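Trainee: From the sequence below, what's the structure:
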Amino acid sequence: SNCFFFRSHHFHPIHPSGLEYIAEETRTTMKLALASLLIGSAAAFSSPSFVARTSAMHMSTEAASEVYSFAKSEEIFAEAQELMPGGVSSPVRAFKSVGGNPVVFDRVKGAYAWDVDENKYIDYVGTWGPAIIGHADDAVLDAVKATMDKGTSFGAPCPLENELAKMVIDAVPSVEMVRFTNSGTEACMGMIRLVRAFTDREKVIKFEGCYHGHADSFLVQAGSGVATLGLPDSPGVPSSATKATLCAEYNNIESVKKIFEDNKDEIAAVILEPVVGNSGFIKPDQEFLEALREMSTDNGALLVFDEVMTGFRVAYGGAQQYFGVTPDVTTMGKVIGGGLPVGAYGGRRDIMEMVAPAGPMYQAGTLSGNPLAMTAGIETLKRLKEDGVHDELERKAKKLVDGIVAAATKHGHAISGDYAGGMFGWYFVEGPVKNFAEATKADAEKFGKWHRMMLERGVYLAPSMYEAGFMSMAHTDEDIEKTIAIADEVLSQL
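Mentor: Purely as a prediction, here's the structure:
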């Protein structure tokens with residue numbers, strides 16, 4: 001994805017207990033230099049200076065965290081590269097932006113993941129967002145198993161669709177009707193067709209660094225200084241598919257105003273991630289969201305929040321509840337499927353009644369609304385609706401970000417970080433980071449080294465500085481304190 005994530009962070013130094021990290025499972029400790037050779041051939045980790053420095057660090061008389069080895073992961077990933085493009089089913093999993101090879105997971109539970117080498121991790125990726133109540137939650141698994149006994153897919157209406165639809169409509173301020181799909185990308189494909197059909201206009205405004213799935217019309221690179229010309233960001237995307245996609249700068253309302261002025265009565269919708277999570281973590285200015293709402297209405301355009309990532313995560317009603325700004329249409333995914341493939345788009349009744357078979361705008365899906373995904377979503381939302389859940393998620397996200405920022409600052413690193421509900425992130429750059437262009441100034445090389453060293457010590461972070469992190473209900477204060485302690489150790493050696 002092309003997105004970044006950040007904003008200024010006013011940190012408060014934290015000195016967590018337990019800075020001597022003791023691994024929970026005894027394994028043979030090996031020198032970091034050897035681990036670096038096993039993990040891959042990334043130049044950043046094989047240079048003589050880095051090996052010498054990390055080897056000396058590991059041999060210090062101070063008690064240091066154990067360092068994992070990845071022999072089985074290496075073997076399986078080597079085979080995978082012969083079977084699948086890049087060895088993965090989704091690009092970011094290949095660790096291309098952080099160096100080395102990915103670890104191969106065996107199982108997950110709660111806040112933890114185990115790889116095929118039996119290394120245990122505190123997981124802040126959470127299957128890229130859905131695992132908000134924790135991996136493999138017992139209540140969700142039991143409900144899915146009971147539903148599975150009735151069949152895995154019907155291809156026909158079932159009562160579970162009604163139940164989840166009512167929960168979504170009750171929770172999300174903008175949604176009066178909803179259509180279920182199988183992924184966030186599919187939801188966004190339906191959404192863009194819908195807003196064009198409803199307004200009888202073709203052009204849409206999106207923002208640099210916001211990701212809305214891999215449909216042709218969204219794969220647009222807004223190069224420096226290119227505010228109104230959509231250029232394809234991937235081979236195979238024809239220019240005709242993106243010429244109606246106009247790019248503005250996030251948190252810059254003047255860039256949006258200019259596009260409206262240059263394309264009067266031609267804009268169907270303004271589409272954005274209300275909190276950017278696909279280019280790191282960038283929070284919107286409150287005034288920016290409010291101005292987008294007003295400007296869209298004044299110009300006869302629809303305002304669309306892509307809440308595939310933020311939905312039910314930053315607040316039960318999503319970012320629109322968190323910031324108090326209501327769009328016309330919302331896309332969703334991830335959390336509402338409880339870990340199974342799902343997506344959805346919804347909005348005002350008059351807009352949604354354009355969707356077939358109620359209206360002429362066609363969209364369909366064989367597995368849409370399948371009973372397993374509906375069940376997992378229902379059980380997940382039941383837990384998230386409990387009092388205080390999102391306040392607690394934000395408290396834990398704040399504690400983690402504050403601790404990481406304080407440790408980095410203590411060791412002389414430029415850093416900025418922020419959080420919203422159960423989402424968070426940081427960049428190795430002085431903040432605040434308000435948009436994609438500012439995010440690109442972060443220290444990518446340092447992030448890659450940081451990511452690998454944290455991984456080797458049992459903390460699983462997103463393998464890209466352009467991806468958000470995710471807190472879950474299953475993470476404990478002990479997990480967070482252990483993470484901060486490991487980070488303090490790593491940051492002292494970067």
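Trainee: Please compute how far stretch 263-280 lies from its chain's middle.
Mentor: 17 Å (CA atoms, centre = their mean, to the nearest Å).
Trainee: and that stretch, what's its mean pLDDT?
Mentor: The predicted model gives stretch 263-280 an average pLDDT of 96.
Trainee: Look at that stretch and report the distance between its end residues.
Mentor: Using CA to CA, to the nearest Å, the span of stretch 263-280 from its first residue to its last is 30 Å.
Trainee: Identify each buried residue in that stretch, please.
Mentor: Buried residues in stretch 263-280, counted by 16 or more other CB atoms under 10 Å: 263, 266-280. No exception for glycine: its C-beta is placed from N, CA and C like everyone else's.
Trainee: Quick check: the two most widely separated of those residues?
Mentor: 266 and 280 (31.6 Å; CB to CB).
Trainee: Show me where the stretch 351-494 of the chain has its strands.
Mentor: 416-420, 423-427, 459-460, 469-470 (DSSP state E, counting those that start in this stretch).
Trainee: could I get the ones you listed as CSV with distance to residue 434, mean neighbour count and mean pLDDT?
Mentor: CSV is the format used below for the strands of the stretch 351-494 of the chain (distance: least, CB to CB, whole Å; neighbours: other CB atoms under 10 Å; pLDDT from 0 to 100):
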stretch, distance to residue 434, mean neighbour count, mean pLDDT
strand 416-420, 11, 27, 97
strand 423-427, 12, 29, 97
strand 459-460, 28, 22, 98
strand 469-470, 19, 28, 98
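Trainee: With distance to residue 169 as new columns, can those strands be given to me in CSV?
Mentor: Compiled in CSV, the strands of the stretch 351-494 of the chain are given as follows (distance: least, CB to CB, whole Å):
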stretch, distance to residue 169
strand 416-420, 23
strand 423-427, 23
strand 459-460, 35
strand 469-470, 25
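Trainee: closest one to residue 218 among the ones you listed?
Mentor: Nearest to residue 218 among those is strand 423-427; the distance by CB to CB comes to 20.9 Å.
Trainee: quick one: the closest one to chain centroid distance?
Mentor: The answer for strand 423-427 is 10 Å, by CA atoms, centre = their mean.
Trainee: Would you mind getting the angle between it and strand 416-420?
Mentor: 170 degrees (axes from the mean of the first three to the mean of the last three CA atoms, to 10 degrees).
Trainee: Need the three-state assignment for residue 68.
Mentor: Following DSSP: H, G, I helix; E, B strand; the rest coil, residue 68 is assigned to coil.
Trainee: Excluding covalently adjacent residues, which one is nearest to it?
Mentor: Closest residue to residue 68 apart from its sequence neighbours, by CB to CB, 6 or more residues apart in numbering: residue 119 at 4.4 Å.
Trainee: just residue 181 next, same as before
Mentor: Closest to residue 181 by CB to CB, 6+ apart is residue 343, at 3.9 Å.
Trainee: show me what contacts the one you found?
Mentor: Applying CB atoms under 8 Å, 6 or more residues apart in numbering, we find residue 343 in contact with 180-187, 308, 331-333, 337.
Trainee: change it to 6 Å
Mentor: Residue 343 makes contact with 181, 183, 184, 186, 187, 333, according to CB atoms under 6 Å, 6 or more residues apart in numbering.
Trainee: what stretches of the stretch 301-450 of the chain score poorly on pLDDT?
Mentor: Under the criterion pLDDT under 70, no range of the stretch 301-450 of the chain is flagged.
Trainee: residue boundaries of the helices in it?
Mentor: Listed in chain order, the helices of the stretch 301-450 of the chain (DSSP state H, counting those that start in this stretch) span 318-323, 349-352, 371-384, 389-410, 436-439, 444-456.
Trainee: between those, which gets nearest to residue 87?
Mentor: Here helix 444-456 is closest among the helices of the stretch 301-450 of the chain (CB to CB), at 17.0 Å.
Trainee: neighbours of residue 177, just the number please.
Mentor: Other residues within reach of residue 177, judged by other CB atoms under 10 Å, total 18.
Trainee: Okay, and residue 165 sits in which element?
Mentor: Residue 165 is part of helix 159-171, with elements assigned from DSSP states H and E.
Trainee: What's the first helix or strand after that helix?
Mentor: Next along the chain after helix 159-171, with elements defined by DSSP H and E, is strand 177-181.
Trainee: Pull that next one out as PDB, backbone CA atoms only.
Mentor: Provided in PDB are the C-alpha atoms of strand 177-181 (Å, rounded to 0.1, in the frame of the first residue of the first chain):
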ATOM      1  CA  MET A 177     -28.700  -0.200   5.000                       C
ATOM      2  CA  VAL A 178     -25.700  -2.500   4.400                       C
ATOM      3  CA  ARG A 179     -24.500  -4.900   1.700                       C
ATOM      4  CA  PHE A 180     -22.000  -7.700   2.700                       C
ATOM      5  CA  THR A 181     -19.000  -8.700   0.500                       C
END
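Trainee: From residue 483, how far off is the nearest residue to residue 411 once chain neighbours are set aside?
Mentor: Leaving aside its chain neighbours, residue 411 sits nearest to residue 491 (4.5 Å; criterion: CB to CB, 6+ apart). Taking CB to CB, to the nearest Å as the measure, residue 491 falls 12 Å from residue 483.
Trainee: Specify which residue of the two has the higher count of neighbours.
Mentor: Neighbours were counted for residue 491 and for residue 483 using other CB under 10 Å; residue 483 has more, 24 against 21.
Trainee: Verify the contact between that one and residue 459 for me.
Mentor: Yes - contact status for residue 483 versus residue 459: in contact at 5.4 Å, counting by CB atoms under 6 Å.
Trainee: In contact with residue 108, which residues?
Mentor: Taking CB under 6 Å, 6+ apart, one finds 135, 136 in contact with residue 108.
Trainee: That one falls within a strand, correct?
Mentor: Yes - Residue 108 sits within a strand when classified using three-state DSSP.
Trainee: per-residue confidence for it?
Mentor: 98.
Trainee: separation between it and residue 481?
Mentor: Residue 108 sits 21 Å away from residue 481, going by CB to CB.
Trainee: got it, and residue 191?
Mentor: Distance of residue 191 to residue 481, computed by CB to CB: 41 Å.
Trainee: out of those two, which sits in the busier spot?
Mentor: residue 191 (30 against 19).
Trainee: right, and the helix or strand after the strand or helix carrying the more buried one?
Mentor: Following DSSP H and E, one finds residue 191 within helix 184-199. Going down the chain from helix 184-199, the next helix or strand is strand 203-207, by DSSP H and E.
Trainee: between that next one and helix 184-199, how big is the angle?
Mentor: 140 degrees.
Trainee: Show me what strand 203-207 packs onto, helices and strands only.
Mentor: The contact analysis (3 or more CB pairs under 6 Å, 6 or more residues apart in numbering; DSSP states H and E) places strand 203-207 against strand 245-248, strand 267-272.
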